[in-house]
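> coords please:
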Amino acid sequence: MTLQELRYLVALAEAGHFGQAAEACFVSQSTLSTGLKKLEDTLGTTLFDRSLKRITPTPIGREIVESARLILQEAERIRQLAKYAEDPMDRTVQIGVIPTLGPYYLPHALLQVRQSYPKLRLLLREVMTPHLLAQLHEGKLDAGLLALPIDEEGLTVAPLFAEPFLAALPAGHALARKAKVSLDELGQANLLLLEEGHCLRDQALAVCGLQGLASEEVRATSLETLRQMVAMGIGVTLLPQLACATPVQAGIAIKPLAAKGAGRVIALVWRKRTPYLDTMTRLAQTLRQHLPAGVKKQT
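Reported below is the predicted structural model:
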């Protein structure tokens, strides 16, 4: 049994197709097939059901695939530990960022990181929280920037800052004439939300004390869509502070909430057994020390 055979195993489990798995491993399809057949012969068991349109792991194959992922992650960890022992900030790090944070925080954060660690290369990917966490556990991402809380084992969580929520209202709305908007008033208005899968949706419902909305006509795919809907007078919504840092378009009034602590905490998270421990620790410290205006440092 070799690491290369385990790479073939995981690639086929993820792709469900021999050709696509071979491309992912940069080998020919026959090489991949031969390697997997050798692995099955070594283990004395069938790892894949080849009778289906999509190649699918057998029950024992699924368990072995999960073990293979862990072995490959540890092998990569050893390689990275040796490669970057001298300078932990001279490397490439893949980071997932939730969409409701990325456009508003990354320009500031990237500038600070580049100034502090010019050799550190960040590859960024916008991913909603459930997919971000899954890719983090699978080793497809090295870290994530997301909103707390998260209930996941095997992760280190470094809180960075607390970001308040603000009420976004049509300029002609009755609540727009108030200095502050109460959560009761906001919850009784036509509250616009993001679609399922965005953590900000659940946080907005929790802040307003709502379990869910039975008759939502529209669920927005982004904060910018929500902003447009508010400007059109369709309803009201909650926006994070950083999303309101730039000049707000005409037709929208931004008001603070009367409730204290209505907001979210943003954190950098990574696997506890990451080979990049020094990198992640220094990155979190740098991000925490250089925060944009309007947010509060968390420790």
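
> for the chain, which strand is longest?
strand 155-170 (DSSP state E).

> Report all helices and strands that the worst-scoring helix or strand of the chain on mean pLDDT contacts.
Within the chain, no helix or strand scores below strand 219-220, which has a mean of 79 by mean pLDDT, DSSP states H and E. Here strand 219-220 touches strand 193-194, going by 3 or more CB pairs under 8 Å, 6 or more residues apart in numbering; DSSP states H and E. Any C-beta I mention is one placed from the backbone N, CA and C, and that applies to glycine too.

> Can you name every helix or strand that the strand it packs on contacts?
Using 3+ CB pairs under 8 Å, 6+ apart, strand 193-194 sits against helix 199-207, strand 219-220, helix 223-231.

> so which helix or strand takes in residue 145?
strand 143-147 (DSSP states H and E).

> And the contacts of that strand?
93-98, 100-102, 105, 127, 129, 132-133, 136, 160, 199-200, 203, 264-270, 274, 276, 280, 283 (CB atoms under 8 Å, 6 or more residues apart in numbering).

> So which bits of whichever helix or strand comes after the longest strand of the chain are buried?
Proceeding N to C from strand 155-170, the next assigned helix or strand is helix 183-188, under DSSP H and E. Buried residues in helix 183-188, defined by neighbour count with 16 or more other CB atoms under 10 Å: 183, 185-187.

> Tell me where the stretch 1-150 of the chain has strands.
Applying DSSP state E, counting those that start in this stretch to the stretch 1-150 of the chain gives strands spanning 48-49, 56-57, 92-97, 121-126, 143-147.

> Pick the most buried one from those.
strand 143-147 (a mean of 23; mean count of other CB atoms under 10 Å).

> Neighbouring strands - and their directions - for that strand?
strand 92-97 (parallel), strand 263-271 (antiparallel) (DSSP bridges).

> Hmm, residue 100 is touching residue 198, no?
Yes. Judged on CB atoms under 8 Å, residue 100 makes contact with residue 198 at a distance of 6.4 Å.
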